[in-house]
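# please find the sequence and the predicted model below.
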Amino acid sequence: MEITRMFSADSESALWEQVAADITRQPNLYDYRAELCQQHYCVWLEIDIDLGGGFEGGYEITTLRAEVPGRPALHFALHEQDWIHEIGKLLGLEDVQLGYAELDKTFIITTNDPNALRQLLAEPDVHAILLRHPAGRLALAPASAEANAPVVLTFSEERALLEPEQLREIYHLLLRILQQLAPAPFGLPSN
């Protein structure tokens, strides 16, 4: 049975005290779901672990996602450089270079606006977080092909991230990007 936990706080540290305490109380995190709300930003956290069995292989995935208010026109995806994507580049897949040597070397980057993405990812601590997760995927795209589909910011990695500090770091990355894409309404603090 899926249970979605709900956490809310005015600051990141207060929010993550709650989340970390809950995660450490769980006997297992095979199917963990939480909604994390800080001021007017909400991020959904999902950890799925399937151990498999018999002839089936198992899988692990950690996903953090947030709907971006205002439907930004910028869309992008950063994902792992691997031999499959190298073949795709040979067949015409566009890989944008942002001018950040380590990010350009580590990720395949696609976007409809390289200059806007360059600005969005300009901070060195954003680079550091992304580089600690070279197998991760960070994307900003419509949730579906429907005309009014919400635009969703998503980070996913095909492994179970179970340490609260790792999860908080990725949450922090998404929150910083959200704050740039959709600044808090006038009068509300953004942290």
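That came through, no problem.

# okay, CA-based contacts and neighbour counts for the rest of this
Will do.

# what ranges do the strands span in the chain?
Ranges of strands in the chain, per DSSP state E, are 4-9, 31-38, 41-50, 59-68, 76-80, 107-111, 137-142, 151-157.

# right, so of these, which gets closest to residue 179?
strand 41-50 (8.4 Å; C-alpha to C-alpha).

# what does the closest one rub up against?
29-37, 58-67, 160-161, 171, 175, 178 (C-alpha atoms under 8 Å, 6 or more residues apart in numbering).

# once you drop chain neighbours, what's closest to the spatially most central residue of the chain?
Nearest to the mean C-alpha position of the chain, by C-alpha atoms, centre = their mean, lies residue 155 at 2.1 Å. Spatial nearest neighbour of residue 155, excluding adjacent residues (C-alpha to C-alpha, 6 or more residues apart in numbering): residue 138 at 4.5 Å.

# what residues are up against the closest residue to residue 115 other than its chain neighbours?
The shortest distance from residue 115 to any non-neighbouring residue, by C-alpha to C-alpha, 6+ apart, is to residue 98 (7.8 Å). For residue 98, the contact set (C-alpha under 8 Å, 6+ apart) comprises 104, 114-115, 117-118.

# which one of those residues is nearest residue 128?
For these, the nearest to residue 128 is residue 104 (13.1 Å; C-alpha to C-alpha).

# please name the nearest non-neighbouring residue to the closest one.
In space, residue 104 is closest to residue 97, 5.6 Å off (C-alpha to C-alpha, 6+ apart).

# any idea how far residue 141 is from that neighbour?
Applying C-alpha to C-alpha, to the nearest Å, the value for residue 97 to residue 141 is 19 Å.

# with residue 26 instead?
On the measure of C-alpha to C-alpha, residue 26 and residue 141 end up 32 Å apart.

# neighbour count winner among those two?
With neighbours defined as other C-alpha atoms under 10 Å, residue 26 and residue 141 compare such that residue 141 has more, 22 against 10.
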